[in-house]
Every structure is written in C-alpha cells, then in structure tokens.
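J.: next one to model:
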Amino acid sequence: MEGGKRGLEWRYTAAALLSSLGSAVLGPYLSLWLKTVGLSFSEIGLVQGVSEIVQLLTDFPTGGFADRYGRVKTYAAGSALFGTGLLMIALSSGLPMILLGSAMTGFGAALVSGTMIPWLYDSLGDGNRVKDVLSRVKALSGPVRFAGGLSAGYLASLAPNLPVLAAGLLSIASALTAYLLLPDNYGTRKKSYVEVLKEGLHELRHNRAVHFLLAASFLLSFSARAFFTFWMILLSGRELPETYMGLLFALMVLSTSGGALIAKKISPTPRTLAALTALWGLEILLLGLVEGLAPSILLLFVIEITLGARFPVMAVVRNRFIPSEARSTVNSAMSTMASGFMAAANIFVGALASSFGLETAYETAGSLH
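T.: Numbering: from 1, shown residues only. Below is the predicted model of the structure:
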C-alpha cells in the first residue's frame, strides 16, 4: 500500500511538472506571436479576453464533470484541449482561427481547474502527505520553469511560434501522462450530474469555512495584483536597469523552490495558513514603504519564498473543509469567483497607483491582509 501511494505521488508529480514546463515555455511568447502575425493590440486583448471569458463561464459546470465522471479523465480532456488550442493558434495567421483556438484554451483551462488537487487529496487521504507532494512539485517546478524559460528563448530565436507549439505539445503530454498513469477517482458516482452541481451550490451557500476562504481570497487578490502586475514597474522606478529584469524574474521563479522546501517542515493547519498570509501582507506593505533598490529586490525574493510555502498549506486547508462528493465542483466555483476578484482588484490597484503612486497601492494591498 505504501509503495503504491508513493508511486502515485511521483506519477502525479510528472504530470504536474509537464504542465508547469508548458506554462513556462509559453511565457510571454503567445502575445509576441500574435503581434508577429499582424494582430493589433486591441485584437491581442480580444484573443486573451475570449479565453478568459470562456473559462469564467464554464469553470463551475466543468467542476461537476470532474466529480461525477472522473477527475483524471476531466483533467486529461482539459489539458489536451488546451494544448490543441495552442497548436491551432501557433499554426494560424488569421484572427477567426486564432479566436477559435483561444476559446478552446479557455474551455480546456476550465476543465483542468479543480481536478488534480482534489484527486490527490482523495487518493492519498492524508493532508500532511498531500502537502508534502505539493511542496515537492513546487520545489521542482522552480528549476523546471527556469529551464523552460531558457528553452523558450532559444525556440523563439528559431521561429516566433515555436514556444507556442512546444507549450501545446507539453500540455497534451501532461494529459496523456495523467490519463495513462493515474487511476481515476470521483466525488460520487451515485448522484446525477445535476445533483452534483446542486450539492456544490449547497456547500457554497451553507459552508461557513468556504465563506471565510472566499472572503480571504477577495482581500488577498489586491496583494496578488499589486505584486504580479506591477513589481517590474516598481523596480524600474527604483532604478533597476531593464536589461536585468529577465534574469531577476528567472531567479525569483527559482526562489519559490525554497518556500516549498520550508512547507515540507510545517503543519498544514489554519493557524499556519493565517501566519503565512499575515507574513505575505507584511512583506507587500514593506515593499511599498522601503526605499532603495537592494531592499526592494530582497523583499521580492522573500515574497516568492513565502508564496512557495503558502501554496501547499492553502491547498490542504481548503480541501479539508470541502466534502469529497463536491470537492472539484466547489474548487471550480471558488476559482471562478477568484477570477472575478482578480479582475476587480486589477482595476482598483491600477486606479490607486495612478492616483497616489505604486507605493500607496502596495501599502494598501498589504494592509488588507
């Protein structure tokens, strides 16, 4: 039994790392490819928007697919569809086919959402073990993503659509790996699909723990947007030469592995999650308060380490409070709401930065923790 679970852990890790590598290879090259084929900035925004809207509209119902018809099958279908959409975009030069490919990536992403962490939680049945596996994936994804970024740069030098093609193939490879190597599990096979969706809605309405998690997700979305959207602009204003941005980003990606290694040493409890969340807020606040380039760069690395440690703990705590029967459905619904929170936070943080400066935006976001 122990050996079997250990094998599941490593097969899950392989599928997750292929997906992570594909994401790293894609990087900024999708937008660059779209610009190369002659799309305007507004058309590039439309392509990205179509994918996000399709995902937003289908995220919750596809969570029900995973609980009722199988999480691995749903993940494999979604990852394969996402990859096929990227292949279509990479091999097209006209807007209609690119928009179709974009819609496919959005639906694929919706199918993927809420599948594999619930699968892992129910397959292992041990929160500490789930946390350790997610920490391992996070630790390994740092160097994997670093290598992916370097490889993508080389591929782009050969042809601008090669990173998009490679990302699509890696997504399909992740789908095949999961489908062939991982035994499926389900939320329930006794209820109909509609009954599964109703169960998910019941949890969203009446599960107080889910309400607290959603409230936290809303407040934390402001820090996430401030950090991920504006850190390059903040450091540029503190006189970091633009030529060093790429290297700094690659090193920051690597530093998340340090946080994942820390996560293996801590317990996945609500108290631990609260402490890591408060620490993240303090770091964001300090990023707005400090002056000078060196302390700002140091804080960026500390934030990445904190986020690397927080992710596995958060995943375990969230799934501990959601019943197995509707685990994927509720996770997908929470993902949908989080996307809405992020959209609102983007507007708020951008407006705050425009009116009062980036430092004030960071200080406000950090205070909301």
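J.: strands of the stretch 201-350 of the chain, start to end?
T.: For the stretch 201-350 of the chain, strands defined by DSSP state E, counting those that start in this stretch do not occur.
J.: phi, psi of the nearest residue to residue 73 once chain neighbours are set aside?
T.: The shortest distance from residue 73 to any non-neighbouring residue, by C-beta to C-beta, 6 or more residues apart in numbering, is to residue 184 (5.9 Å). In this view, the C-beta of every residue, glycine as well, is placed from N, C-alpha and C. Phi and psi for residue 184, reported as degrees, to the nearest 10, are phi -80, psi 160.
J.: for residue 184, which residues are in contact?
T.: Applying C-beta atoms under 8 Å, 6 or more residues apart in numbering to residue 184 gives the contacts 70, 71, 72, 73, 119.
J.: how far does the one helix or strand the third one maps to sit from its chain's centre?
T.: This points to residue 72. Taking DSSP states H and E as the criterion, residue 72 maps to helix 71-90. Distance of helix 71-90 from its chain centroid, counting by C-alpha atoms, centre = their mean, to the nearest Å, is 16 Å.
J.: cool, and stretch 109-119?
T.: So, by C-alpha atoms, centre = their mean, the centroid of stretch 109-119 is 11 Å from its chain's centroid.
J.: dump that stretch to CSV, restricted to CA.
T.: Output in CSV follows, covering the C-alpha atoms of stretch 109-119 (Å, rounded to 0.1, in the frame of the first residue of the first chain):
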residue,chain,number,x,y,z
ALA,A,109,-8.5,25.5,-18.6
ALA,A,110,-12.0,25.3,-17.1
LEU,A,111,-11.9,21.5,-17.4
VAL,A,112,-8.5,21.4,-15.7
SER,A,113,-9.5,23.7,-12.9
GLY,A,114,-10.4,21.9,-9.7
THR,A,115,-9.4,18.4,-10.8
MET,A,116,-5.9,17.3,-9.7
ILE,A,117,-5.6,18.6,-6.2
PRO,A,118,-9.0,17.1,-5.2
TRP,A,119,-7.8,13.9,-7.0
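J.: tell me how many other residues crowd residue 241.
T.: Neighbourhood size, residue 241 [other C-beta atoms under 10 Å]: 9.
J.: ok so, going back, what is the nearest of the contacts of residue 184 to residue 170?
T.: Nearest to residue 170 out of the contacts of residue 184 is residue 72 (C-beta to C-beta; 18.0 Å).
J.: could you find the closest non-adjacent residue to that closest one?
T.: residue 184 (4.3 Å).
J.: who does the lengthiest helix in the chain touch, helix- and strand-wise?
T.: When the chain is parsed with DSSP state H, its longest helix is helix 127-158. The helices and strands touching helix 127-158, judged by 3 or more C-beta pairs under 8 Å, 6 or more residues apart in numbering; DSSP states H and E, are helix 2-26, helix 29-36, helix 116-124, helix 162-181, helix 245-263, helix 293-320.
J.: list the buried residues in stretch 47-58.
T.: 47, 48, 50, 51, 52, 54, 55, 56, 58 (16 or more other C-beta atoms under 10 Å).
J.: kindly report the same for stretch 206-226.
T.: Applying 16+ other C-beta under 10 Å to stretch 206-226 flags 207, 210, 213-214, 216-226 as buried.
J.: quick check: of the residues you listed, which lies closest to residue 92?
T.: Closest approach between the buried residues of stretch 206-226 and residue 92, by C-beta to C-beta: residue 225, at 31.0 Å.
J.: OK, contacts around residue 185?
T.: Neighbours of residue 185 in contact, by C-beta under 8 Å, 6+ apart: 70, 71, 72, 119, 122, 123.
J.: can you put the residues you listed in a markdown table and add distance to residue 327?
T.: Output for those, formatted as a markdown table (distance: C-beta to C-beta, whole Å):
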| residue | distance to residue 327 |
| --- | --- |
| 70 | 13 |
| 71 | 9 |
| 72 | 14 |
| 119 | 9 |
| 122 | 7 |
| 123 | 12 |
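J.: for those residues, which one is nearest residue 161?
T.: Nearest to residue 161 among the contacts of residue 185, with distances taken as C-beta to C-beta, is residue 72, at 30.5 Å.
J.: what about the closest one, how many residues nearby?
T.: Counted with other C-beta under 10 Å, residue 72 comes out at 24.
J.: I'd say it and residue 119 touch.
T.: Yes: using C-beta atoms under 8 Å, residue 72 is in contact with residue 119, at 6.2 Å.
J.: find the residues that touch each one of these two.
T.: 182, 184, 185.
J.: could these go into JSON lines alongside pLDDT and distance to residue 357?
T.: Below are these laid out as JSON lines (pLDDT from 0 to 100; distance: C-beta to C-beta, whole Å):
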{"residue": "182", "pLDDT": "94", "distance to residue 357": "48"}
{"residue": "184", "pLDDT": "93", "distance to residue 357": "51"}
{"residue": "185", "pLDDT": "92", "distance to residue 357": "50"}
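J.: quick one: the residue nearest to residue 72 and residue 157, what's the gap?
T.: 41 Å (C-beta to C-beta, to the nearest Å).
J.: quick one, what contacts residue 177?
T.: 11, 14, 15, 18.
J.: residue 340 too?
T.: By C-beta under 8 Å, 6+ apart, the neighbours of residue 340 are residue 56.
J.: tell me, how many neighbours does residue 88 end up with?
T.: Neighbours around residue 88, by other C-beta under 10 Å: 20.
J.: my read: it touches residue 108, true?
T.: No: taking contacts as C-beta under 8 Å, residue 88 lies outside contact range of residue 108: 11.4 Å.
J.: of all the helices and strands packed on helix 127-158, which one comes closest to residue 197?
T.: Per C-beta to C-beta, nearest to residue 197 of these: helix 116-124, 15.4 Å.
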